[in-house]
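I need the structure of the sequence given here:
(one chain, ligands or ions: 2)
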Amino acid sequence: MNNNLQAPLISSASAIVLRGVTKSFVVESQRVEALRGVNLNIERGTCVSITGRSGAGKSTLLHIIGTLDRPSEGSVTIGGIDVSRLSDQATSKFRNRKLGFVFQSSNLLPEFSAIENVMMPGMIAGAIGLQARQRATRLLASVGLEARIAHRPAELSGGEQQRVAIARALFMAPEVLLVDEPTGNLDKSTSLAIQDLLLELAVAHKTTMVLVTHDQLLASRMPSRIIMEDGRVLSGTGVSL
Ligand SMILES: Nc1ncnc2c1ncn2[C@@H]1O[C@H](COP(=O)(O)OP(=O)(O)OP(=O)(O)O)[C@@H](O)[C@H]1O
Ligand SMILES: [Mg+2]
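Residues are numbered from 1 along each chain as shown. Ligands and ions are numbered 1, 2, ... in the order given. Next up is the predicted model:
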């Protein structure tokens, strides 16, 4: 058991701190510098958008903040914990307890119902039972899906699937919600409804949210904004670099 997860979080106003983060990939002896030294401080409870051209490094940055990938160099601290130093096992546990994810494709498990998908992070953490079921039901109601809890993903529309994914991301009351192009696959009105929902829920749950998007309207609705170019943060509004 890693002590880092047992210890109380170091009190800090910053939910996310990145120092000198680089990431390079090598494909067939060609080196790609996806991140070229990113420094970032995102305060607790901030909702921040990341925009920038295709290939700028947005998803790579989000994956590294989300502990889905490790930086080549530099440090990543989330809620006072230096996640770059956690073992693989501790990292999985940290991710399950502290982070929520919403991606362009909802990635729901096809053989499970909506409510089971929402409860899945709790099941992984060992919390199954009436309380978990009640929390999942409440979350599904908060995304307008109280009448769909027994539906499997194939029996839901794309927008409904994405709402289940949002409810699932919030199930563990994560400190940080990481969102990558949540409305990329949706029509305009569904997309607006999902955007409203994400912003409302992030504020209601006091969650720090980092959201990658190509949608300038959505980006402009976020109180803080980061623009990336060629593996670097070009500018930041409402965050310190
Ligand atoms: N696993 C990988 N292996 C090799 N190269 C990668 C890998 N992941 C990303 N890259 C490269 O790193 C760069 C940044 O990719 P990234 O996915 O972060 O871009 P992005 O800003 O999210 O773009 P988009 O807006 O198109 O989603 C790109 O040039 C990409 O080809
Ligand atoms: Mg991307």
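
Work out which residue lies at the spatial centre of the protein.
Taking CA atoms, centre = their mean, the centroid of the chain lies closest to residue 178, which sits 1.5 Å from it.

in the sheet, who's paired with it?
Counting by DSSP bridges, residue 178 forms beta bridges with residue 101, residue 210.

May I see the buried residues of stretch 123-137?
132-133, 135-137 (16 or more other CB atoms under 10 Å). In short, each C-beta sits where N, CA and C put it, glycine included.

Save those as a markdown table, and put in pLDDT, secondary structure and distance to residue 123 too.
Shown next, in a markdown table, are the buried residues of stretch 123-137 (pLDDT from 0 to 100; DSSP: H, G, I helix; E, B strand; the rest coil; distance: CB to CB, whole Å):
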| residue | pLDDT | secondary structure | distance to residue 123 |
| --- | --- | --- | --- |
| 132 | 93 | helix | 8 |
| 133 | 95 | helix | 11 |
| 135 | 94 | helix | 12 |
| 136 | 96 | helix | 10 |
| 137 | 96 | helix | 15 |
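
returning to what we had before: quick one: the residue nearest to the centre of the chain and residue 116, what's the gap?
Residue 178 is 22 Å from residue 116, where distance means CB to CB, to the nearest Å.

now swap in residue 27 and tell me
Using CB to CB, residue 27 is found at 37 Å from residue 116.

ok, the two, which is more surrounded?
Using other CB atoms under 10 Å as the criterion, residue 27 and residue 116 rank with residue 116 on top: 19 against 7.

related to what we said a few turns ago, ligand 1: which of the buried residues of stretch 123-137 is nearest?
residue 136 (30.4 Å; CB to the nearest ligand atom).

That closest one is in contact with residue 167, isn't it?
Yes. At 7.2 Å, residue 136 counts as touching residue 167 under the criterion of CB atoms under 8 Å.

from what I can see, residue 61 looks like it's in a strand, true?
No. Residue 61 sits outside any strand when classified using DSSP: H, G, I helix; E, B strand; the rest coil, being helix.

Fine by me, thanks again.
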